[in-house]
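>>> sequence and predicted structure are below.
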Amino acid sequence: MRVLAIGAHPDDVEGLCAGTLIKCAARGDHVTIMVATNGNVGSPTLGREEIAAIRRQEAEASASLIGADLIWMDYDDEFLFHDRATRLAFIDAIRKANPDFMIVHGAGDYHPDHRISGEIAVDCRIPVTVPLIETVHPPMTKIPHVFFMDHIGGIGFEPEVYVDVSDVMALKSKMIRCHRSQDEWLRHMYDGDYAEMLTAPSGIRGKAIGVPYAEAFRSLPLYPVMGGAHLLPN
Ligand SMILES: [Zn+2]
């Protein structure tokens, strides 16, 4: 199985679905983490290029912990738009990862970069198979299934399927802590402990199914339905 998780910012995937990706990697899946924006406004002290370079290194360190490939799209943080060029870039990146399923942000998430990266990914899932849409990487032979990851804070997200990630939380926390620059940033913005803010939602989702930690997902409810919950690890 090949899996592609698309986060809007360099640490979104870690907070919302890294436990599931760890379990995918453990069962032998090829995992790719794609990051849409470079996080270049996520610092109270550093310049845009400086923080973007740091955030890329942090994302690479995190992905390497589970042997995942990283696709760094490098769009400006807070300024991701769904236009022709961006859709073509996403089509090519998804073809490069060639996933059986994608995990993307949902339409009701709080941040425009989240909503738009998810929207582009969903709108690319059929064009990635169309030969006359030419990009660097060849067309895929199958439309990938799409799961939506949880929303930040779980707000407005009705889970359809849970993955118990209790036994991989230590590694998920390690992946989150690779994003050291965000500890400083989130303390500045929200006055909270970064790793705790990103692991706490898994505890809340875990309670819903009677385990210490879980991650929540929904399948894209649109034609054509290409898969379902059975694709996710147990
Ligand atoms: Zn984000």
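That came in fine, so what should we check first? Numbering: from 1, shown residues only.

>>> which element follows the helix or strand of the chain with the lowest mean pLDDT toward the C-terminus?
When the helices and strands of the chain are scored by mean pLDDT, DSSP states H and E, helix 180-190 comes last with a mean of 83. The helix or strand immediately downstream of helix 180-190 is helix 194-209, counting by DSSP states H and E.

>>> ok, and what's touching that next one?
The contact list for helix 194-209, computed with CB atoms under 8 Å, 6 or more residues apart in numbering, reads 11, 14-16, 19, 150, 152-154, 159, 162, 164-166, 169, 172-173, 176-177, 179, 182-183, 186-187, 190, 212-216. Bear in mind the C-beta positions are built from the backbone N, C-alpha and C, glycine included.

>>> just the ones of those in strands?
If you go by DSSP state E, the contacts of helix 194-209 have 162, 164, 214-216 in strands.

>>> and the residue of the chain positioned farthest from its centre, how far from the ion?
Distance to the chain centre peaks in the chain at L132, reaching 28.1 Å (criterion: CA atoms, centre = their mean). According to CB to the ion, to the nearest Å, L132 and the ion sit 34 Å apart.

>>> before we move on, what SS does that residue have?
Classification of L132 by DSSP: H, G, I helix; E, B strand; the rest coil places it in coil.

>>> re earlier: can you say which of the contacts of helix 194-209 are buried?
Buried by 16 or more other CB atoms under 10 Å: 11, 14-16, 19, 150, 152, 154, 159, 162, 164-165, 169, 172-173, 176-177, 179, 182-183, 186, 213-216, out of those.

>>> related to what we said a few turns ago, what separates the least confident helix or strand of the chain from the chain centre, distance-wise?
Mean-position distance between helix 180-190 and its chain equals 20 Å (CA atoms, centre = their mean, to the nearest Å).

>>> that one - contacts with which helices or strands?
Here helix 180-190 touches helix 48-64, helix 194-209, going by 3 or more CB pairs under 8 Å, 6 or more residues apart in numbering; DSSP states H and E.
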